[in-house]
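Engineer: Here you go, sequence then predicted model.
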Amino acid sequence: RYFTGTGMTYVAAAGDSGSQVLWPAVSPNVVAVGGTSLNWSGTGTRYEAAWLHTGGGLSAYEALPSWQSGVTAAGGGTLVRRAVPDVAFNANPYTGEYVALTLPGKTTVWSAYGGTSIAAPQWAGVLAVANSMRAANGKTTLGDIHATLYKSIAAVPGTYAASLGDVIDGTNGTCTTCRAGSGFDQATGWGTPNAAQLLATLSGTAAPLSTTPTTTYP
């Protein structure tokens, strides 16, 4: 009941201890964000794999949400209860996010941070930009994006390929369902954002769809 505010999108980290299911990420009202390891120079294609320590799995308690009904998880068959994560972002501390720390009168220090606790705010930032774009065009805020993510983006091959990078390599454990795979998986969900097209899709602004892969694998 805490995650049902009108017009609100709730985002939470899936965890940093490998295959597991954590609250509040597993709530059906929360967008659960898993983690990847990222190799990208800033130009060209990128390589991403599931981060070994990203959380993810099948809930023992939360019922299957309607928007996950019929979803087949890589290595795990059709879902029977709430599964996490929904999406992912770079979270490996060795490939993590650079943050500038500047104190008055001091030299700026750059540090790299990781974990799904930094991956989740990156997704929150993308959604905040999408809401700003929607507001500029007289549209309401996104609110809960699960139905949009699962039914309007992931279920449409061209939109999915353009909006999200499908992570198909890497694992967060030794179980059958712990390995990333094509489509939805219990390590990286539907994948990581291709921000420009994802923002266009979420904000309802026109942008050309492209099915050219943005992620490559060995």
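Structural biologist: That came through, no problem.
Engineer: just the helices in this structure please.
Structural biologist: 116-136, 146-147, 157-163, 195-203 (DSSP state H).
Engineer: Buried residues in the first one, which are they?
Structural biologist: Think helix 116-136. For helix 116-136, a neighbour-count test (16 or more other CB atoms under 10 Å) marks 116-120, 122-124, 126-127, 130-131, 133-134 as buried. For every residue, glycine as well, the C-beta is placed using N, CA and C.
Engineer: So, low pLDDT: which residues of this protein?
Structural biologist: Within the chain, the segments meeting pLDDT under 70 span 206-218.
Engineer: Any chance you could spot the residue sitting in the middle of it?
Structural biologist: residue 87 (2.3 Å; CA atoms, centre = their mean).
Engineer: ok, now which ones touch that residue?
Structural biologist: 31-34, 123, 149, 164, 188-193 (CB atoms under 8 Å, 6 or more residues apart in numbering).
Engineer: Now it. Nearest residue, chain neighbours left out?
Structural biologist: The shortest distance from residue 87 to any non-neighbouring residue, by CB to CB, 6 or more residues apart in numbering, is to residue 189 (4.6 Å).
Engineer: For the one you found, name its beta-bridge partners.
Structural biologist: residue 185 (DSSP bridges).
Engineer: Number of residues surrounding residue 175?
Structural biologist: Residues within reach of residue 175, counting by other CB atoms under 10 Å, total 15.
Engineer: Next: residue 99.
Structural biologist: Residue 99 has 11 nearby residues by other CB under 10 Å.
Engineer: give me every residue that touches the spatially closest residue to residue 54 that is not a sequence neighbour.
Structural biologist: Among residues not flanking residue 54 along the chain, residue 35 sits closest, at 3.8 Å (CB to CB, 6+ apart). The contact partners of residue 35, by CB under 8 Å, 6+ apart, come to 14, 16, 50-51, 53-55, 88-92, 114-116, 119, 188.
Engineer: Would you show me how to pick out the buried ones of those in ChimeraX?
Structural biologist: Selecting only the buried entries of the contacts of residue 35 in ChimeraX, with 16+ other CB under 10 Å as the criterion:
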select :14,16,50,51,53,54,55,88,89,90,91,92,114,115,116,119,188
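Engineer: Narrow the contacts of residue 35 to those in strands?
Structural biologist: Counted as lying in strands by DSSP state E, out of the contacts of residue 35, are 50, 88, 89, 90.
Engineer: quick one: buried residues of stretch 106-115?
Structural biologist: Quick answer for stretch 106-115 (16+ other CB under 10 Å): 114, 115.
Engineer: For that stretch, C-alpha coordinates in CSV please.
Structural biologist: Backbone C-alpha positions of stretch 106-115 (Å, rounded to 0.1, in the frame of the first residue of the first chain) are rendered in CSV as follows:
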residue,chain,number,x,y,z
LYS,A,106,39.3,21.1,-2.2
THR,A,107,40.4,19.3,-5.3
THR,A,108,37.7,17.3,-7.1
VAL,A,109,38.0,13.6,-6.5
TRP,A,110,36.5,11.1,-8.9
SER,A,111,35.4,7.7,-7.5
ALA,A,112,33.7,4.7,-9.1
TYR,A,113,30.6,3.3,-7.5
GLY,A,114,28.6,0.2,-8.1
GLY,A,115,25.8,-2.0,-6.8
